[in-house]
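Visitor: Return a 3D structure for these sequence lines:
(chains A and B)
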Amino acid sequence: MYFKNMEQIDSDMLEQVLQLVKNYDYNIYNKNDVLKTLNKDYMDIEDLKVLLSPAATEYLNTIAHKAQYETRKHFGTSISLFTPLYISNYCENQCTYCGYNCKNNIHRAKLTIEEIEKEYKAISATGLEDILILTGESRTASSVEYIGEAVKLAKKYFSSISIEIYPLNTDEYKYLSDCGADFVCVYQETYNKENYKKLHLAGPKSVFEYRFYAQERAALAGMRGVSFGILFGLDDFRKDAFCAAVHAYLLQQKYPDIKAGFSAPRLRPYIHEHKEENPHYVNEKQLFQALCAYRLFMPFSDITISTRERAGFRDNIIGVCATKISAGVKTSVGGHEDNAKGDEQFEISDTRSVSEITDMIKQRGLYPVFTNHIRL
Amino acid sequence: MDKLIIQGHEFNSRFILGSGKYSLELIKAAIESAGAEIVTLALRRANTKTEYNILDFIPKNVTLLPNTSGARTAEEAVRIARLSRELGCGDFVKIEVIKDTKFLLPDNYETIKATEILAKEGFVVMPYMYPDLNVARDLANAGAATIMPLAAPIGSNLGLLTKHFIKIIIDEIKLPVIVDAGIGSPAQACEIMQEGAAAVMINTAIATAKNINEMALAFKLAIEAGRKAYLAGLGRVLNFKAEASSPMIDFLEDK
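Guide: Okay, the predicted model is just below:
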């Protein structure tokens, strides 16, 4: 059920995605299916199913080579750099796996516009020109107007502005686009509707459908690009990765001028976590398989690799499947310019600075790109 | 001397080099190996405050050909071109108007509109287009300096998929026709030069080669060979096995 004031758009994309995943049984594929897929130049939805299957895991090395070839073709050796900035961690949602859960007793904070500018200056001084502005999901603490002011100010310092905030209605996305936002990032977390309900106990985020259509509303509002993400470790990753890829594919088909991208975080430890065995744990090999499947299925899309992963993993997948990497990351509220004002959302694994990441990219024969966008 | 002349600007090289897909440190050497005098760059990459700016890696004696990649409409292409001029990138502009993020195929209609506006503002307009003769004529009438038809989708290295349509444009349009996008090997570059292309533009084929400099040189030689063959005039090709000897004209009377 949609909450009051949540816009419902006329689209059947959700039904399409859910129908496709309903018929996806990844255990039916064998070696021959994998080889047949790997011989193709263009991948369709059937190939995506094969690429995400357990049968394909055995061919991961071949898949990686093919993924690298596609990445080279579409991006050359360029790797884009960006950094996230959390401007508020107040949240109205109750997500069982997240440090920002509103029931979780953490240090909450919100930056003032002056503090935001200080952070921008500190980030800009590192050379970065692409910023991702994040908030916890609270319309009360971090209103659209507040985010709009942060975006307008960011235009002074950055050539590309992405936002990762609570899902909005089309007119609100339009407002933020007019303020200067270029890209919108939304995590569906999992596409398993039943499990989604159990993981998102309360708050606006509990409305699965409204969240699903966020990217489409952003596209309708004129944003330049949108990205899709699942949180690996919440559910069956093969099915979730399949859904995210198909979701992006259908959106790009319907709005061909929209840049579609992927983010692929794994569940990480957070403050006050109840540690227990996760039946949906995703290992590095599986994560890599999913990222390569994204690359081969949508070879032209940006794939971002999170600082949740260790340096050794990130360094080896850029240029192979990932094309975008964060550097100088803090997941606390503020913390680039001065001490953090609020607690972090999750622990990061890769704490390297912008210059360290830049050097690493160059050492790998790749080419660090600080800007690849003109705001028009 | 056989020179490439683009709206009065003369060039000895017919090899236009792309710069967007390999490390900035490699650009200078690649330009030298290629003997290129024109280098394209995406303005969106040059519009940076950092020291790591592509503009600083391109030698000053080379003519910059900034492109408008990122533009989805004529209006956006026009704005990028004006910004390019403000940033000191000169008057050359390669128009790219792309509404499809998957295949990056150009929008011919918007490209014509942008060409008309920018030509009037004194730009040397080089439009990237899908090879359609009617569009090529419209571009010429709108003031384009060259026509830049694609051989295959950008980055595909698929080769001369549109060869016959490019040939039609070469034959019918008086402007230099520069083949842009899709050429994957020196042999293909040579082939289209033999057919009368004025120049070719290469990016991915070099960027994805094992040795960038050697491949740049290979393309240079192939382009020169193709040009010389075109100027020399290709020998005739016999399409039938032999000249028939059985008489077919002996019924003709001498009156």
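Visitor: Buried residues of the helix ranked longest in chain A, list them for me.
Guide: Longest helix of chain A, by residue count under DSSP state H: helix A:237-254. Buried residues in helix A:237-254, counted by 16 or more other Cβ atoms under 10 Å in any protein chain shown: A:237-252. Using the backbone N, CA and C atoms, a C-beta is placed for each residue, glycine as well.
Visitor: just checking, what packs against that helix?
Guide: With contacts taken as 3 or more Cβ pairs under 8 Å, 6 or more residues apart in numbering or on different chains; DSSP states H and E, helix A:237-254 sits against helix A:13-22, helix A:45-51, strand A:183-189, helix A:214-220, strand A:225-230, strand A:259-263, helix A:284-297.
Visitor: show me what contacts residue 230?
Guide: No chain was given, so I picked chain A. For residue A:230, the contacting residues are A:187, A:188, A:189, A:190, A:191, A:237, A:240, A:241, A:243, A:244, A:264, by Cβ atoms under 8 Å, 6 or more residues apart in numbering or on different chains.
Visitor: please go with chain B instead
Guide: Contacts of residue B:230 (Cβ under 8 Å, 6+ apart): B:193, B:194, B:195, B:196.
Visitor: so it, which of the three states?
Guide: Following DSSP: H, G, I helix; E, B strand; the rest coil, residue B:230 is assigned to helix.
Visitor: Pipe the contacts of residue A:230 into JSON lines and attach pLDDT per row.
Guide: Shown next, in JSON lines, are those (pLDDT from 0 to 100):
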{"residue": "A:187", "pLDDT": "95"}
{"residue": "A:188", "pLDDT": "96"}
{"residue": "A:189", "pLDDT": "95"}
{"residue": "A:190", "pLDDT": "96"}
{"residue": "A:191", "pLDDT": "97"}
{"residue": "A:237", "pLDDT": "96"}
{"residue": "A:240", "pLDDT": "97"}
{"residue": "A:241", "pLDDT": "97"}
{"residue": "A:243", "pLDDT": "98"}
{"residue": "A:244", "pLDDT": "98"}
{"residue": "A:264", "pLDDT": "86"}
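Visitor: Am I right that residue A:362 is in contact with residue A:356?
Guide: No. Between residue A:362 and residue A:356 there is no contact under Cβ atoms under 8 Å: 11.1 Å.
Visitor: Give me the neighbour count for residue A:8.
Guide: For residue A:8, the number of neighbouring residues by other Cβ atoms under 10 Å in any protein chain shown comes to 10.
Visitor: To clarify, my last question referred to residue A:369.
Guide: 26.
Visitor: isn't it right up against residue A:78?
Guide: Yes. Judged on Cβ under 8 Å, residue A:369 makes contact with residue A:78 at a distance of 4.6 Å.
Visitor: And the strands in chain A?
Guide: Using DSSP state E, the strands found in chain A span residues A:78-88, A:130-135, A:160-164, A:183-189, A:225-230, A:259-263, A:302-305, A:324-326, A:367-369.
Visitor: So is the fourth one next to chain B?
Guide: No. Contact of strand A:183-189 with chain B is not found when judged by Cβ under 8 Å from any Cβ of the partner chain; the minimum separation is 12.4 Å.
Visitor: now that strand and strand A:225-230, what's the angle there?
Guide: 20 degrees (axes from the mean of the first three to the mean of the last three Cα atoms, to 10 degrees).
Visitor: Would you list the strands that strand A:183-189 pairs with, along with their directions?
Guide: strand A:160-164 (parallel), strand A:225-230 (parallel) (DSSP bridges).
Visitor: Would you format the ones you listed as CSV with mean pLDDT included?
Guide: Converted to CSV, the strands paired with strand A:183-189 look like this (pLDDT from 0 to 100):
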stretch, mean pLDDT
strand A:160-164, 96
strand A:225-230, 95
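Visitor: which residues are in contact with the helix or strand of chain B with the lowest mean pLDDT?
Guide: One helix or strand of chain B scores below all others by mean pLDDT, DSSP states H and E: helix B:43-46, with a mean of 80. Counting by Cβ under 8 Å, 6+ apart, helix B:43-46 makes contact with A:369, A:371-374, B:20, B:53-55, B:66-70, B:80, B:83-84, B:87, B:89, all of which sit outside it.
Visitor: In ChimeraX, how would I select just the buried ones from the residues you listed?
Guide: Buried residues within the contacts of helix B:43-46, by 16+ other Cβ under 10 Å, are selected in ChimeraX with:
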select /A:369,371,372,373,374 /B:20,53,54,55,66,67,68,69,70,80,83,84,89
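Visitor: The contacts of helix B:43-46 in helices, which ones?
Guide: B:80, B:83, B:84.
Visitor: Show me where the stretch 151-255 of chain B dips below the pLDDT cut-off.
Guide: Within the stretch 151-255 of chain B, the ranges that satisfy pLDDT under 70 run B:235-245.
Visitor: where does it come near chain A, residue by residue?
Guide: Near chain A, when you scan the stretch 151-255 of chain B using Cβ under 8 Å from any Cβ, you find B:155, B:156, B:157, B:203, B:204, B:207, B:208.
Visitor: ok, and the closest non-adjacent residue to the third one?
Guide: In space, and not counting its chain neighbours, residue B:157 is closest to residue B:184: 3.1 Å by Cβ to Cβ, 6 or more residues apart in numbering or on different chains.
Visitor: for chain A, what are the nearby residues on the stretch 1-150 of chain B?
Guide: So the stretch 1-150 of chain B meets chain A at B:20-24, B:42-45, B:47-52, B:70-72, B:76, B:79-80, B:83, B:98-102, B:104 (Cβ under 8 Å from any Cβ).
Visitor: Please, a ChimeraX command that selects the buried ones among the residues of the stretch 151-255 of chain B next to chain A?
Guide: To isolate the buried members of these in ChimeraX, using 16+ other Cβ under 10 Å:
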select /B:155,156,157,203,204,207,208
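Visitor: Filter the residues of the stretch 151-255 of chain B next to chain A down to the ones in strands?
Guide: Those of these lying in strands (DSSP E): none at all.
Visitor: Now the residue in chain A that chain B sits nearest to: closest residue in space, sequence neighbours ignored.
Guide: With Cβ to the nearest Cβ, the shortest gap between chain A and chain B falls at residue A:76, namely 2.2 Å. Leaving aside its chain neighbours, residue A:76 sits nearest to residue B:21 (2.2 Å; criterion: Cβ to Cβ, 6+ apart).
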